[in-house]
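Give me a model of this one.
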Amino acid sequence: MQYHHFRLQSQLAWLLTLMIPMINTSASAETANFGTLALSPGFTTVQGTVSGYTGGSYSLSAISNRDWQKKACIGFANPNPDHILVLEKDFDQLTILVNSDGSDTTLLIKDPNNEIVRCGDDTGRSKDASITDKKWKKGTYQIWVGIFEPDVKRNYTLTVQQ
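Numbering: from 1, shown residues only. Predicted coordinates for the structure are as follows:
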């Protein structure tokens, strides 16, 4: 009986050894639709610019109804983030701008700890979204670029400015 008990424990330990890395990988390996920006203070405009396109039927309000400043989080996108922004140091202030040549875009950005959500909509007279905020901490941010109608594809350029 002791032999069977030991054998069962060994099989369970072996199974857990195989499963734990798979569980951790699936939870943390969220990839972006259009790649990663890695920025340090003093980055150039070229380093802070990336392209993509909208699309998807996932409501961004499912991530958060409102951001930390009580702005509404609106629009539709893909469930995976469109971009990953890696800040290699803290930034006092950043502006993230969408240029889609006038399509009505939205933005949602989650901080590295999933504690602070920033949302953006129209920029002045433009229907393109932007977010300007202070105190961006070092770490990996997830960025979604949304649009008001589900499954509508619009090309855009995303620019990060200091």
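
give me the beta-bridge partners of the residue sitting nearest the centre point of the chain?
Nearest to the geometric centre of the chain sits residue 142, at 1.8 Å (Cα atoms, centre = their mean). Beta-bridge partners for residue 142, by DSSP bridges, are residue 84, residue 110.

Now for it: which residues touch it?
Residue 142 sits next to 30, 32, 81, 83, 84, 85, 109, 110 when contact means Cβ atoms under 8 Å, 6 or more residues apart in numbering. Quick note: C-beta positions are derived from backbone N, CA and C, even for glycine.

please redo it, this time with the cut-off set to 7 Å
Residues in contact with residue 142 (Cβ atoms under 7 Å, 6 or more residues apart in numbering) are 81, 84, 109, 110.

isn't the third one right up against residue 120?
No. Residue 109 is not in contact with residue 120 according to Cβ atoms under 7 Å; the separation is 8.1 Å.

Just the strands from this structure, written as ranges.
36-39, 49-53, 58-59, 76-77, 83-87, 91-99, 105-110, 117-120, 122-123, 126-136, 139-147, 155-161 (DSSP state E).

The ones you listed into a markdown table, with extra columns for distance to residue 67?
Below are the strands of the chain laid out as a markdown table (distance: least, Cβ to Cβ, whole Å):
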| stretch | distance to residue 67 |
| --- | --- |
| strand 36-39 | 20 |
| strand 49-53 | 21 |
| strand 58-59 | 15 |
| strand 76-77 | 15 |
| strand 83-87 | 16 |
| strand 91-99 | 13 |
| strand 105-110 | 8 |
| strand 117-120 | 4 |
| strand 122-123 | 15 |
| strand 126-136 | 9 |
| strand 139-147 | 12 |
| strand 155-161 | 18 |
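
Next, format these as CSV and append distance to residue 65 and mean pLDDT.
What follows is the strands of the chain, written out as CSV (distance: least, Cβ to Cβ, whole Å; pLDDT from 0 to 100):
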stretch, distance to residue 65, mean pLDDT
strand 36-39, 27, 97
strand 49-53, 24, 98
strand 58-59, 10, 98
strand 76-77, 15, 98
strand 83-87, 22, 98
strand 91-99, 20, 97
strand 105-110, 11, 97
strand 117-120, 9, 96
strand 122-123, 18, 82
strand 126-136, 17, 94
strand 139-147, 14, 98
strand 155-161, 23, 98
